[in-house]
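> structure for the following, please:
(chains A and B)
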Amino acid sequence: MRIGVFVCQCGTNIAGTVDTEAVAGEALTFADVAYATSYMYTCSEPGQQEIQRAVREHNLQGVVVAACSPRMHEPTFRRAVEKAGLNRYMFEMANIREHVSWIGNDRAANTRKAVDLVRMAVAKLRFNQPLIPLNMPVNKRVLVIGAGVAGIQAALDSAEGGLDVVIVERRPSIGGKMAKLDKTFPTIDCSSCILGPKMVDISQKENITLYAASEIESINGYIGNFTVQIRKKATYVDWEACTGCGLCMEKCPSAKAPDAFNEGLGTTKAINIPFPQAIPRRASIDPLHCRHFTRGKCGVCSKICPVKAINFDMQDAIVTEEVGAIIVATGYDLFDHSAYGEYGAGRYPDVISGLQYERILSASGPFGGHIRRPSDGTEPKDIVFIACVGSRDTSVGRPYCSGVCCMYIAKQAILTRDHMPESNSYVFYMDIRAPGKNYDEFVRRAQEEYGVQYIRGRVGKVYPRGNRMVVQGADTLLGVQVEVEADLVVLATGIEASAGASELAEKLRISYDQYGFYMEGHPKLRPVETNTAGVYLAGACQGPKDIPSSVAQGSAAASKVQALFARDTIETNPQVALVNERACIACAKCIQVCPFGAIKLKELRGDILKAEVLPTVCQGCGLCNATCPPKAIQLQHSTDNQILAAVNEICA
Amino acid sequence: MTDSNPDSGTAPDEAAEQGMKIAGFLCNWCSYGGADTAGVCRFRQPTDLRIVRIPCTGRMDPLFVAKSLIYGLDGVLVSGCHPKDCHYAVGNLHARRRLEVLKSFLSFMGIDARRFHYTWVSASEGQRWQQVVTEFSEQIHRLGPNPGVRKQPGESSNHRTGKSS
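This is a model prediction of the structure:
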């Protein structure tokens, strides 16, 4: 085989700590290497042309590029060698940037390591075989998981483009956190007025199937052909029949169910429609508080329902949907602020979370839009906001910035002043983070026009005095301790990964970080893709985000799906397992371990059994290869010979 | 298996100062990404490790570890996705069972089991990767060069005679 080696300097990224000329020179001494050179930017257009020129001029049959991580540019270079007329799998990469030049300054050691990595790549390449992908039909339906603003945007954009959309929401109504907000920063738009029409669109578009009060049970398959099982949770109300008239809610005698939509600030009926703008506008029963379930008698709702929709015997139901792509938009949850014992949240009713205050401000909230204290219903006069509760604090395991709290405090302080011009608002903050369009101007307005007192410093303690709360903290700008008496304390609770995010990630086979946020394909260049083909991300499930960014990601994910579905077929990954029938002893161990059911036994000439891989189902993990006793089944492009050839070169 | 080019071998006395020879088998989805993340973040690491990319730790044939150590590598590190976070659902669970068995078997084969380590590092854990590499490399340096069970056929450059503890 005639092999060409291209050692990339990556400007000074590699050449700074690796002698690329020496690596190329050394490579020329390796067996089968017919050409080796070092190049400034191999991934650039002229760099790729240089590869193609060398392939043609030197009759190369395989190419090794020593450059950055293959996770970065392997596809780029595969395309380049393909343009030169080689099979794209007659190519190997040696990672001499992320794994060499960026992790050490010792030029001699780095150069030795780079030479070794190139030698390993060359050794593996000698065993490479041309591989040809198959074409597989694409099911042009998309599943959206989560119907907050990001999921809604993704679903509407996909539906607009003519796709069939299945959207699944675990709560009884779509809308997510945005539906709970009173106003949005920095424009003070009414949140439900701008979200409401989009929610209605979801229910009215013919090509959108909505499953509310439903969760993902299991996901099987792969890009283009996923099979999804959805668990429709028992709501004890037949939603086909229910008209959302609300009569049951009016007459239900059990009024002690906690109101999840109002963040536990009030109570609601055991049978309820979560909020006035709910989509779907359907009632559901909370079995923990319904008298029929707790005491075995009542049934008022079932008697009064004009359409006889109540069904106390309802069970969870599983439905199966086939889709070709999945957009995950499961959003976030609020940090549980009771972790801060010194703030007394959870113990003092007048120390509340930011989202609870949002509900108090809202006209559809527990006090009809009048600002009241949860404890005694009086109007507060002095309100203290404490920033960074569950953000930028390693002591509670939340070192990241939640990004939205500085802004929502400023908004809430402005709204407070609008509601009650005589009130005083104080904000304890660490830094003000307002890097969006018109964001900093907005915070400045809160300070200058609305007279909100910003105090830079942490709060040490919150405790009751009489029926008011005392907030003790430091003013680090003046270098003094301060004490503010307040009627209401609002904690700017941070954002954390949604409950159950990791379980869903395991079903989707996508990765998540240590905080439970889903990992994007590349932090800069693949912000809405995951490393699992056909699964895309939108909104705060990927990391804390405000509404405009969530909407942007929703649209971005939808356009990625449109691009995927623009073709009728997709190419499969040909790096799949292949059985050498002569060696196969039909022990069926590979069949037992295959996580995808991609291997079957077939009969050959009568009664001889042999294993057979279904190349469109195989995902290329290689578990069968490691299991096979006679090594008859080999994962193409990562065969035993290829891996051992690379290892041998380290031993050399 | 491959013909090593005699010109590319290094002189024996250089070998000692050239550090240890450690192979790292990293799954493509988590640990290889974690090593990339560590590089992108410029986390300094010892340079002894040579990384081989495999699709999944489930692809890890215990044979790869045994062969590497028999042919004189000083250490072998395997790293994959955290259990339950496998890109292929269960590959790392199979790997965990196999590698655990292998580990208990190495000393029986005449290999110091401390020369082999397997762990889990996700693609976001650059810092953890730095720590894993640093600790394992330090351990191998403490153990010194692998005396080997048998020389690689036709291989003569591996003249290091340090004693394993």
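> for chain B, what are the nearby residues on the stretch 1-150 of chain A?
By the criterion of Cβ under 8 Å from any Cβ of the partner chain, the positions of the stretch 1-150 of chain A lying close to chain B are A:26, A:29-31, A:69-72, A:95, A:97-100, A:102-106, A:109-110, A:112-113, A:116-117, A:119-120, A:123, A:126. Using the backbone N, CA and C atoms, a C-beta is placed for each residue, glycine as well.
> I figured residue A:166 hits residue A:147, correct?
No: counting by Cβ atoms under 8 Å, residue A:166 sits too far from residue A:147 to count as a contact (11.0 Å).
> and those two? Which one has more around it.
Between residue A:166 and residue A:147, counted using other Cβ atoms under 10 Å in any protein chain shown, residue A:147 has the larger neighbour count: 29 against 22.
> where does the more buried one land in three-state SS?
Under DSSP: H, G, I helix; E, B strand; the rest coil, residue A:147 falls in the coil class.
> show me the contacts for it.
Residue A:147 makes contact with A:155, A:167-169, A:174-176, A:202, A:210, A:212, A:329, according to Cβ atoms under 8 Å, 6 or more residues apart in numbering or on different chains.
> restricted to helices, list those residues.
Assigned to helices by DSSP state H, the following of these qualify: A:155, A:202.
> name the member of the contacts of residue A:147 with the most neighbours.
Within the contacts of residue A:147, most neighbours by other Cβ under 10 Å means residue A:155, with 33 neighbours.
> so it touches residue A:169, yeah?
No: Residue A:155 is beyond contact range of residue A:169, at 10.3 Å (criterion: Cβ under 8 Å).
> spatially nearest residue to residue A:315, not counting backbone neighbours?
The shortest distance from residue A:315 to any residue other than its chain neighbours is 5.6 Å, reached at residue A:234 (Cβ to Cβ, 6 or more residues apart in numbering or on different chains).
> got the phi and psi for the one you found?
Taking degrees, to the nearest 10, you get phi -70, psi 120 for the backbone angles of residue A:234.
> again, but for residue A:324
Note on residue A:324: backbone dihedrals following degrees, to the nearest 10 are phi -110, psi -20.
> what's the separation between it and residue A:153?
Using Cβ to Cβ, to the nearest Å, one obtains 20 Å as the distance from residue A:324 to residue A:153.
> ok, now residue A:260?
Here the criterion is Cβ to Cβ. By it, residue A:260 lies 24 Å from residue A:153.
> ok, the two, which is more surrounded?
In this view residue A:260 and residue A:153 are compared by other Cβ under 10 Å, and residue A:153 has more residues nearby, 26 against 15.
> looking at that one now. What's its pLDDT?
Looking at residue A:153, its pLDDT stands at 98.
> and it, how far from chain B?
Look at residue A:153 and chain B: by Cβ to the nearest Cβ, to the nearest Å, they are 26 Å apart.
> secondary structure class for that residue?
Three-state call for residue A:153 (three-state DSSP): helix.
> from what I can see it touches residue A:554, true?
Yes: counting by Cβ under 8 Å, residue A:554 is a contact partner of residue A:153 at 3.2 Å.
> joint contacts of those two?
Joint contacts of residue A:153 and residue A:554 (Cβ under 8 Å, 6+ apart) are residue A:538.
> and residue A:51, how far from residue A:285?
Residue A:51 is 66 Å from residue A:285, where distance means Cβ to Cβ.
> now swap in residue A:405 and tell me
Distance check for residue A:405 against residue A:285: by Cβ to Cβ, it reads 35 Å.
> likewise for residue A:207?
The span separating residue A:207 from residue A:285 equals 31 Å under the rule Cβ to Cβ.
> equivalent analysis for residue A:45, please.
Applying Cβ to Cβ, one obtains 64 Å for the distance of residue A:45 from residue A:285.
> which of these two has more neighbours?
Between residue A:45 and residue A:285, residue A:285 has the larger neighbour count (other Cβ under 10 Å), namely 27 against 9.
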